[in-house]
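> here is a sequence together with a model predicted from it:
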Amino acid sequence: MEKYLYLGVLLFAISYPLAQSFEHRIRYAAQWKYLFPGMLGTAAFFIVWDIWFTNLGVWEFNSRYVLGWFFLDLPIEEWFFFFIVPFSSIFIYEVLIYFFPKDHFLPFGKYFVWILTPFLLVMSILHLDKWYTSVNFLVGALTLVLHYLIFKEKYLGRFIFAYLVHLIPLMICNGILTGGLTEEPVVIYNNAENLGIRIWTVPIEDLIYSMILLLMNISFFESLRSKQTISPNRG
């Protein structure tokens, strides 16, 4: 049963969002036509990144906890990850918009970008000897800047709220994958390529990695949705 662990974590992550996709208030399924095209583009970017880092030895996957089906050096579960996690994260984004129609974090959006971007750039430069830290923080900074140049503060408040809430399931799922409940981790990080700072068993870099994944998907999602003549009431 050990080989089903990674798959089990993914099924846990998607189970509630998928079950509630047709709920009459959120109507998440009605938004899939805006979600899936951007999800494909984002997944392609992250899969290339993942293959590159796997070949560099930044991380590897424990064959004990995966089904054993590998494509381009990645287990099939890792391919699923880049579709299941965004699907579930955008569900959180949509649920929060419905239940909290006022965008309370809107005033903080530009400060989030202005403070975090230079911090990430400096950290990236200071740790050029660590692949995961340097590339991850650089991509994080570029993603924030690009989103801000295109959308300004329009979606940043909503993103910040969803990002903070999504950290809860992220820490649970990533905690399991990084060895929080097992003898060995499912995803084995090379600590020479990161800062070695962990929250529970989760590398601190994963918080930025997840931020990039969420913000890229929101950017595509809202861009496609905004092109519709009649758009939902955003509150």
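Nice, I can see it.

> so, low pLDDT: which residues of this protein?
With pLDDT under 70 as the threshold, the chain has low-confidence stretches at 229-235.

> tell me which stretches of it form helices.
With DSSP state H, the ranges of helices along the chain come out as 5-19, 32-56, 76-99, 109-126, 131-151, 156-177, 205-226.

> just put these in CSV and tack on mean neighbour count and distance to residue 189.
To be clear about C-beta, it is placed using only N, CA and C from the backbone, and glycine gets the same treatment. What follows is the helices of the chain, written out as CSV (neighbours: other Cβ atoms under 10 Å; distance: least, Cβ to Cβ, whole Å):
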stretch, mean neighbour count, distance to residue 189
helix 5-19, 17, 15
helix 32-56, 16, 10
helix 76-99, 20, 14
helix 109-126, 15, 17
helix 131-151, 19, 7
helix 156-177, 20, 10
helix 205-226, 20, 9
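
> so which of those is nearest residue 192?
Closest to residue 192 of these, according to Cβ to Cβ: helix 131-151, at 9.0 Å.

> which residues are in contact with the closest one?
By Cβ atoms under 8 Å, 6 or more residues apart in numbering, the surrounding residues in contact with helix 131-151 are 49, 53, 56, 58-59, 110, 112-113, 116-118, 120-121, 123-125, 127-128, 155-156, 189, 193-195, 203, 205, 208-209, 211-212, 215-216, 219, 222-223.

> that helix: how far from the chain's middle?
A distance of 13 Å separates the C-alpha centroid of helix 131-151 from that of its chain, computed with Cα atoms, centre = their mean, to the nearest Å.

> hmm, back to that, which of the helices of the chain sits closest to residue 64?
helix 5-19 (8.4 Å).

> just want the angle from that closest one to helix 76-99.
30 degrees (axes from the mean of the first three to the mean of the last three Cα atoms, to 10 degrees).

> tell me what helix 5-19 is packed against?
Counting by 3 or more Cβ pairs under 8 Å, 6 or more residues apart in numbering; DSSP states H and E, the packing neighbours recorded for helix 5-19 are helix 76-99, helix 156-177.

> now those helices as TSV including distance to residue 34?
Formatted as TSV, those follow (distance: least, Cβ to Cβ, whole Å):
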stretch	distance to residue 34
helix 76-99	9
helix 156-177	15
